[in-house]
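*Asks:* Fold the stuff below for me.
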Amino acid sequence: MVWDNIREVISSGSCQWVLLGDFNAVRFPEDRKNTGFNRTCAKDFNEFIDETGLVEYSIRGRKFTFLAPNSNKLNKIDRVLVSKDFFEAWPDACFGVLPRLHSNHCPLILETSRKNFGAKPFRFFNSWLEKEGFDDLVETVVGLFVMEGGLPDVVLTKKFKHLRTCIKRWRNDMEIKENEDFLRDKEELENMDNIVESTDLNEEVCWIKEECMNNIRVQEYLAAMDLKQKSHCRWAVEGDENSGFFHRLINNRRKKNRYPRAQHWGYVDY
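*Replies:* Numbering: from 1, shown residues only. Coordinates of the predicted model:
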């Protein structure tokens, strides 16, 4: 009668169903220990689950959920059954059994929260703002992005994702180009030094040498900006390794340099 009543309720509407609690029935012989197994009851229970299309999450934490008082009889009669729509919405849900204290039944917990930590982190360097072509890239990508339909927050997320992909592609191409330019300027500067050793300086050689030095200075300045930003981020995340040492040192010195409070002795005449 219980299974028929629940079956009627489930068939009354298309919803996501969650059935949990003490069903007072087991499905398989291994769900009982030190007690008898009723095959007829188990058959009716399994048929009810199959006909209603319910799904059972695998249990975690313990194998049995009920301990008979003053005995060693163990049963798995507490369960969580969900509909297929619910299972498809949360396939990674966790069904756990907590330790029991005052009751013979163990508390059940069904956790359906998704382990979503948001978008992947994207490291942005301030030096990119000083490089040629970055502003035009951002304006072009944002202006040409088109997405029809969808919620506004979804459209904004897709736009940021597309912009991040384009910036990564630009960054990789820029790194290759900068490395090639740095090596070329370095070789050109070495050639100029060799030319200076054999001949006198002229205006063209001085101009080429100055241009190579300026390019190298700019690249070193941008690289120093990146290192400075990386060090600040690392310090903000990991903290100062020596902070505990310095605090102990300062506290110890403060304790040594502290003047003791003057003690006043009283004299009493007997």
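*Asks:* which residues does D44 contact?
*Replies:* Counting by Cβ atoms under 8 Å, 6 or more residues apart in numbering, D44 makes contact with W3, A25. All C-beta atoms are positioned from the backbone trio N, CA, C, and that covers glycine.
*Asks:* Mind checking what helix or strand follows the one helix or strand it maps to in sequence?
*Replies:* Assigned by DSSP states H and E, D44 falls within helix 39-52. Going down the chain from helix 39-52, the next helix or strand is strand 55-56, by DSSP H and E.
*Asks:* For this structure, just list every one of the helices.
*Replies:* Secondary structure of the chain (DSSP state H): helices located at 2-11, 39-52, 84-89, 134-144, 152-198, 203-238, 243-257.
*Asks:* Now tabulate these in TSV and tack on distance to L101 and mean pLDDT.
*Replies:* Below are these laid out as TSV (distance: least, Cβ to Cβ, whole Å; pLDDT from 0 to 100):
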stretch	distance to L101	mean pLDDT
helix 2-11	28	86
helix 39-52	28	90
helix 84-89	29	84
helix 134-144	58	90
helix 152-198	44	85
helix 203-238	40	79
helix 243-257	40	63
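*Asks:* who touches G53 in this structure?
*Replies:* S83, K84.
*Asks:* at 6 Å instead, please
*Replies:* K84 (Cβ atoms under 6 Å, 6 or more residues apart in numbering).
*Asks:* Relative to V146, how far out is K158?
*Replies:* 10 Å (Cβ to Cβ, to the nearest Å).
*Asks:* So between these two, which is more surrounded?
*Replies:* Neighbour tally, K158 and V146, criterion other Cβ atoms under 10 Å: the higher count belongs to K158, 13 against 7.
*Asks:* Look up how far M147 lies from that one.
*Replies:* 6 Å.
*Asks:* Then L98?
*Replies:* Counting by Cβ to Cβ - L98 and M147 are separated by 45 Å.
*Asks:* What of G36?
*Replies:* 63 Å.
*Asks:* same question, K186
*Replies:* K186 is 45 Å from M147, by Cβ to Cβ.
*Asks:* next one: I208
*Replies:* Distance of I208 to M147, given as Cβ to Cβ: 49 Å.
*Asks:* This completes my enquiry, with thanks.
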